[in-house]
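# pasted the sequence and its predicted model underneath.
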Amino acid sequence: MNANYFFISILFLLAPLLRAEEKNDDNGQFISSLLDEKHQLKGVPFPEVVKAATGKTVLPINLKAETDRELIAKIGRAGDEVLRRMNALDSIAQKQKRINEVSSHFEDALKAELNKIPGFECDFPKTSSGKVQRSGYPDLRLVDKKSGRVIYLDPKLYEVGSRTSSLRTFYYEPKTETGKIHDDAHHLIIGFEHGPRESDGSWRFLNWELVDLSGFKVRLKAEFQGSNKDLYRPELIVGGSRNK
């Protein structure tokens, strides 16, 4: 078994134990190890993460195979049409003030265009509990009925000049109940490049690139988090407004 795959598998198995409140000493040691850069996971193949978390295989694209070339060409046609639609002055994207507000419209537009292609069926992937959840990776699940292939497709926007940025633009959070990867499948990112907002308030979307995640490598970043339910507990409140 690959060493990275083994370590990731152990990490997932131990996570519930490491979160237990009564394990204060163990938690302290674990936190210290996370802060030590020597122990941080870097350059981990994304397919190994998916395999450890879901048991599913990330299938590579083989551009020497006619089926794969045809698949990429069809997705490309949808990408071209999305660019055309989003650059139209009356498009919903042009009505958004911030580029962050445009992303979901690209997902909707790409889904619609892919469903226009004969033999394609595209929808939002469901969680393990059968619910549709827009947040989290992946955004779209595409089925090519001719080949039986499943493709997880994730649209992303990036600004001109940021293509080589080291800031985080991709994340995958393995979860049992809300996980959306249930198939052996291709995993693709379709990145749409855009310019800065024009003086007239419009956006200009320039091109797209399709990325095969079968060769993608990720790193594990320690992150401590909590919800409002965790935060606004009565025993933690030490003050408030008089009119509450």
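Perfect, I can see it now.
# Lys146 touches Phe120, doesn't it?
No - when contacts are counted by Cβ atoms under 8 Å, Lys146 is not listed as touching Phe120 (9.0 Å). C-beta here means a position set from N, CA and C on the backbone, and glycine is covered the same way.
# between these two, who's got more neighbours?
Comparing Lys146 with Phe120 by other Cβ atoms under 10 Å, the one with more neighbours is Phe120, at 19 against 13.
# spatially central, which residue of this structure would that be?
The centre of the chain sits closest to Tyr137, judged by Cα atoms, centre = their mean, with a distance of 3.1 Å.
# quick one: Asp139 from Pro196, how far?
Separation of Asp139 from Pro196 (Cβ to Cβ, to the nearest Å): 24 Å.
# compare these two (neighbour count), which wins?
Asp139 (23 against 11).
# OK, contacts around that one?
Shown in contact with Asp139 (Cβ atoms under 8 Å, 6 or more residues apart in numbering): 107, 124-125, 153-155.
# ok, 7 Å please
Applying Cβ atoms under 7 Å, 6 or more residues apart in numbering to Asp139 gives the contacts 107, 153-155.
# this protein: helices as residue ranges?
Using DSSP state H, the helices of the chain run over 3-18, 24-35, 46-54, 66-87, 103-115, 228-231.
# pick out the shakiest of these, pLDDT-wise.
Here the lowest mean pLDDT among the helices of the chain goes to helix 3-18, at a mean of 49.
# next, count neighbours for Val150.
Val150 has 19 nearby residues by other Cβ under 10 Å.
# would you agree it is in contact with Lys180?
No - if you go by Cβ atoms under 7 Å, Val150 and Lys180 don't touch, sitting 11.9 Å apart.
# hey, what's in contact with both of the two?
Counting by Cβ under 7 Å, 6+ apart, Val150 and Lys180 have no contacts in common.
# tell me how far the nearest residue to Arg77 once chain neighbours are set aside lies from Gly55.
Distance criterion Cβ to Cβ, 6 or more residues apart in numbering; nearest residue to Arg77, sequence neighbours excluded, is Ile117 at 7.0 Å. Distance, Ile117 to Gly55, using Cβ to Cβ: 30 Å.
# look at these two and report which has more neighbours.
Under the criterion of other Cβ under 10 Å, the comparison of Ile117 against Gly55 puts Ile117 first, with 16 against 10.
# touching, Thr54 and Asp184? I think so.
No - with contact defined as Cβ under 7 Å, Thr54 does not count as touching Asp184 (9.8 Å).
# so for the two, which residue has more residues nearby?
More neighbours surround Thr54 than the other of Thr54 and Asp184, with 18 against 15 (other Cβ under 10 Å).
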